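J.: coordinates for the following, if possible.
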Amino acid sequence: MKNKKLLILSSLLILLPIPVGLLLWNHLPAELVTHWGFTGQPDGYMPVLYAVSLPPVLMLLGQWVCIWFTLKDPGNKDRNTKPLTLVLWILPLVSNMVSYTMYALALGYEFSPVVWTLLLMGIMFIAIGNYLPKCKMNYTMGIKVPWAYTSEENWNATHRFGGKVWFFGGFAMLFGAFLPDRWAVGVMLVSTLVLAFIPMLYSYLYYRRQKARGDALLPFPKPVTKGGKISTVFLILILAGTGFLMFSGDLEYRLEEEYFCIEASYYNDLTLFYDVIEAVEYRDGNIPGTRVGGFGSGRLLMGFFRNEEFGTYTRYTYTKPEACVVLTTDREIYVLSGKNAEETLALYQTLQQKTGK
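T.: Okay, here's the model as predicted:
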């Protein structure tokens, strides 16, 4: 590989936030903010060990997968190497900016993560827009819409036009970084949609014009390479697995004489003795909270959560439950639910009887 040294260097740069995080270890809190909502407010946390190590490792794996498919693509042989160089440096930039943003906020520095996100995206789109016109027809890099593959002319025209759109769209994001957070988020969403769909529409209209003129076109849709087949199968498996996790799983309650157990899908089971329970409360509707750690899907919410009323609490519920049971012990608060209000009420009544509360 001609870019072997660059791959090694870029991989090391992706992992650089890990040793930096270890140097800062004694100054970092036990949990780091890892996600922010549209308003710029924290809404996701992760234990410091995972926050320091997991993002760079995942990005390194993503880097290697992208490079492998890019190099296996026969369309990239003996072509302009600048787009490949860009692929090598995008994830190192993202890895370092993401991790250092988490570290800085954890250390007490005040700034908006929305601003940094827009600055990062703006720089990336400007750089990609500059390289798009140099990207020759291939199956791994560029604006890979089917109409662009019907002719070299369409591909080149789409990427020249797309390069301009992405270049100026990147500057729009840089401008949005200086707006209030709510406006900045709007700029980011609108710009991303425009940058994604306008080049696609241009390529389609170009294809229609070529077809109307009777130009010779390549087979439609585009041929699938071996690498493309592998990536397609891989993507289908990921989507299928994600869909299964998102909409499957159950909570089963087993109430014994001295304790009860919660057998949870995809998360740690829980055993709790009745004599440590100080209060049992039934509440209609959902109890809002932000997940700090655990498992969340379209069906289940489990793990450690945080809200203003309870602080940090442990949750084993279905998503948006109709009712909840709140258990209070001398150390923790637990929020439980059944599949519906009837199951939750039955759980509450049984726990009342078992605990005498």
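J.: wait, isn't residue 142 in contact with residue 133?
T.: No: taking CB atoms under 8 Å as the definition, residue 142 is not a contact partner of residue 133, at 10.1 Å. (C-beta placed from N, C-alpha, C; glycine too.)
J.: higher neighbour count, the two?
T.: Set residue 142 next to residue 133 and count neighbours by other CB atoms under 10 Å: residue 142 wins out with 23 against 16.
J.: just to revisit the earlier point, which residues are in contact with each of residue 142 and residue 133?
T.: Common contact partners of residue 142 and residue 133 (CB atoms under 8 Å, 6 or more residues apart in numbering): residue 159.
J.: contacting residues around residue 53?
T.: Counting by CB under 8 Å, 6+ apart, residue 53 has contacts 18, 21.
J.: change it to 7 Å
T.: Residue 53 is in contact with residue 18, counting by CB atoms under 7 Å, 6 or more residues apart in numbering.
J.: can you tell me the element it falls in?
T.: Assigning secondary structure by DSSP states H and E places residue 53 in helix 48-72.
J.: buried sites along that helix?
T.: Across helix 48-72, burial judged by 16 or more other CB atoms under 10 Å covers 48, 51-53, 55-56, 59-60, 63, 66-67, 69-72.
J.: residue ranges of the strands in the stretch 1-150 of the chain, please?
T.: In the stretch 1-150 of the chain, the strands defined using DSSP state E, counting those that start in this stretch lie at 31-36, 42-47.
J.: can you tell me the SS state at the closest residue in space to residue 351 that isn't next to it in sequence?
T.: Using CB to CB, 6 or more residues apart in numbering and skipping the chain neighbours, the partner closest in space to residue 351 is residue 280 (5.0 Å). On the three-state scheme (DSSP: H, G, I helix; E, B strand; the rest coil), residue 280 is labelled strand.
J.: right, and residue 323 touches residue 287 too?
T.: No: using CB atoms under 7 Å, residue 323 makes no contact with residue 287, being 9.8 Å away.
J.: and those two? Which one has more around it.
T.: Shown here are residue 323 and residue 287; by other CB under 10 Å, residue 323 has more neighbours (21 against 18).
J.: mind listing what the more buried one touches?
T.: By CB under 7 Å, 6+ apart, the residues touching residue 323 are 282, 283, 284, 285, 337, 341, 344, 345.
J.: could you tell me the least trusted of the strands of the stretch 1-150 of the chain?
T.: Among the strands of the stretch 1-150 of the chain, strand 42-47 carries the lowest mean pLDDT, a mean of 68.
J.: which helix runs longest in the protein?
T.: Longest among the helix segments of the chain by residue count, using DSSP state H, is helix 181-213.
J.: now do residue 154, the pLDDT please.
T.: In this model, residue 154 carries a pLDDT of 92.
J.: should've said residue 326
T.: Predicted confidence (pLDDT) for residue 326: 95.
J.: disregarding residues adjacent in the polypeptide, which is nearest to it?
T.: Nearest to residue 326 is residue 281, by CB to CB, 6+ apart, at 4.3 Å.
J.: burial count for the one you found?
T.: Residues lying near residue 281 (other CB under 10 Å) number 14.
J.: separation between it and residue 30?
T.: Separation of residue 281 from residue 30 (CB to CB, to the nearest Å) stands at 28 Å.
J.: then residue 187?
T.: Computed with CB to CB, the distance linking residue 187 and residue 30 is 35 Å.
J.: do the same with residue 253
T.: 30 Å.
J.: tell me which of these two has more neighbours.
T.: Legend: neighbour count by other CB under 10 Å for residue 253 and residue 30, higher for residue 253 (18 against 8).
J.: was I right to think the more buried one contacts residue 259?
T.: No: in this structure residue 253 lies outside contact range of residue 259 using CB under 7 Å: 11.5 Å.
J.: okay, now the unreliable bits of the stretch 51-200 of the chain?
T.: 70-84, 181 (pLDDT under 70).
J.: the helices in it, which residues?
T.: Per DSSP state H, counting those that start in this stretch, the stretch 51-200 of the chain carries helices over the ranges 82-106, 113-131, 152-176, 181-213.
J.: report the angle between the longest one and helix 113-131.
T.: Angle, helix 181-213 to helix 113-131, by axes from the mean of the first three to the mean of the last three CA atoms, to 10 degrees: 20 degrees.
J.: OK, contacts around residue 130?
T.: By CB under 7 Å, 6+ apart, the neighbours of residue 130 are 163, 167.
J.: can you rerun that using 10 Å?
T.: Contact analysis of residue 130 by CB atoms under 10 Å, 6 or more residues apart in numbering lists 82, 86, 163, 164, 166, 167, 170.
J.: same thing with residue 179?
T.: For residue 179, the contacting residues are 114, 115, 118, 185, 186, 187, by CB under 10 Å, 6+ apart.
J.: ok, and the most crowded of those?
T.: Highest neighbour count within those, by other CB under 10 Å: residue 118, with 26 neighbours.
J.: please report phi then psi for residue 336.
T.: With angles defined as degrees, to the nearest 10, residue 336 sits at phi -130, psi 160.
J.: my read: it touches residue 350, true?
T.: No: counting by CB atoms under 10 Å, residue 336 sits too far from residue 350 to count as a contact (11.4 Å).
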